[in-house]
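*Asks:* Need a 3D model of the sequence below.
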Amino acid sequence: MRQFSLLLILVSTFSFGQAQLKSPSEFYPPQKTKVLVVGTFHFNFPGLDEVKTADEDKIDVLKEPKKSELEELVAYIKKFNPTKIAIEARPSWNAMQKFEEYKKGGHKNSRDERYQLGMRIATDLGLDSVYGIDTSSLQSDLEKQDSMLLKKLTNKINRKTKDPFWDYAEEYFDYRDKKMKDVHLLDFIKAMNTREGHNFNFGLYLTGSIATGDGQGADFLSIWWYNRNVRIFSKLINITKSPEERILVIFGNGHAAILRQLLEASPQYQFVEFSSLED
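*Replies:* The predicted structure follows:
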């Protein structure tokens, strides 16, 4: 019996003398730039997204009890100790100028999460910049440059096709919105920033019209929503200067799943789970 146990140890250790294959990560530098993606709803409820929160379910982050809950959310995110902060803002929004105005006392009463999270945390930590890394998509560019070509490439898509998964999702959105006043803001954002919370939003782009138009539905997703987020990712790369940096990215939660996918696959970055800040 003792000899048999020794044999098992030798087999598991040496695998019959076969060489072992190294993992790809062993060929890359061990240190990666850490990135925390905070996907959120828009605190000022601009009503620009497909799903709109009913007036009776909206909260006010500038009034109690949500004002104090916001302070706890900010304190929680600050545990990440970011060295850079990137927000959902395009060049025309001029994030740098607005940040300078914020530091001088401006925009304090704006409910926009770009101020209440991004610029507030940047100011508290003494950072000198806030980076706007949002951008348009290839679809938007084509619309401006050759709208007839774009129409030709997408005219077979059936945008009215029945999608039962959207019906299920609407039930969840309605349920979640009605919980917004009762659930602590930090817990609400934590739930949005699980892997399931991220993928839930992106999953809705993968049902319905994507399978229509002899591939045109898939093409449209590629040049529109997916392309926009890959472009956002490319702008994140452009502001990354060192593997020692810790970058906080604050965007609408619809962007989070694709950014997560890109960050987890990239050899340059380490995706930081929102829940890991509890440790």
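*Asks:* which residues of this protein fall in helices?
*Replies:* Secondary structure of the chain by DSSP state H: the helices cover 2-14, 66-78, 95-103, 113, 120-124, 138-145, 147-154, 164-179, 185-192, 195-203, 216-221, 227-239, 256-265.
*Asks:* what distance separates the third one from the centre of its chain?
*Replies:* Its chain's C-alpha centre and that of helix 95-103 lie 23 Å apart, by Cα atoms, centre = their mean, to the nearest Å.
*Asks:* Does residue 197 touch residue 39 like I think?
*Replies:* Yes: with contacts counted by Cβ atoms under 8 Å, residue 197 reaches residue 39, the gap being 7.3 Å. Yep, even glycine has a C-beta here, placed from its N, CA and C like the rest.
*Asks:* which neighbours do the two share?
*Replies:* 253, 256 (Cβ atoms under 8 Å, 6 or more residues apart in numbering).
*Asks:* Which one of these two is surrounded by more residues?
*Replies:* Of the pair residue 197 and residue 39, residue 39 is the one with more neighbours under other Cβ atoms under 10 Å, namely 23 against 18.
*Asks:* Just list the residues touching the more buried one, thanks.
*Replies:* Per Cβ under 8 Å, 6+ apart, neighbours of residue 39: 192, 193, 197, 198, 201, 251, 252, 253, 254, 255, 256.
*Asks:* The third one: what's it in contact with?
*Replies:* Put plainly, it is residue 197. Applying Cβ under 8 Å, 6+ apart, one finds that residue 197 lies in contact with 39, 191, 253, 256.
*Asks:* What's the per-residue pLDDT of it here?
*Replies:* On pLDDT, residue 197 comes in at 95.
*Asks:* hmm, back to that, identify the farthest-apart pair in the contacts of residue 197.
*Replies:* Comparing all pairs in these by Cβ to Cβ, the longest separation belongs to 191 and 256, at 12.5 Å.
*Asks:* of the two, who's got more company?
*Replies:* residue 256 (25 against 15).
*Asks:* I'd like to know how far the more buried one sits from residue 202.
*Replies:* 8 Å (Cβ to Cβ, to the nearest Å).
*Asks:* again with residue 229
*Replies:* Residue 229 is 9 Å from residue 202, by Cβ to Cβ.
*Asks:* Who has more neighbours out of those two?
*Replies:* residue 229 (23 against 20).
*Asks:* The more buried one contacts residue 258, correct?
*Replies:* Yes: using Cβ under 8 Å, residue 229 is in contact with residue 258, at 3.9 Å.
*Asks:* gap between residue 229 and residue 221?
*Replies:* In this structure, residue 229 and residue 221 are 11 Å apart, going by Cβ to Cβ.
*Asks:* same check, this time on residue 122
*Replies:* Distance from residue 122 to residue 221, by Cβ to Cβ: 33 Å.
*Asks:* Which of the two has more residues huddled nearby?
*Replies:* Using other Cβ under 10 Å as the criterion, residue 122 and residue 221 rank with residue 122 on top: 22 against 17.
*Asks:* Most neighbours among the contacts of residue 39, which one?
*Replies:* residue 256 (25 neighbours).
*Asks:* Look up the closest residue to that one, ignoring the ones flanking it.
*Replies:* residue 39 (3.2 Å; Cβ to Cβ, 6 or more residues apart in numbering).
*Asks:* And that neighbour, how far from residue 101?
*Replies:* With Cβ to Cβ as the criterion, residue 39 and residue 101 are 26 Å apart.
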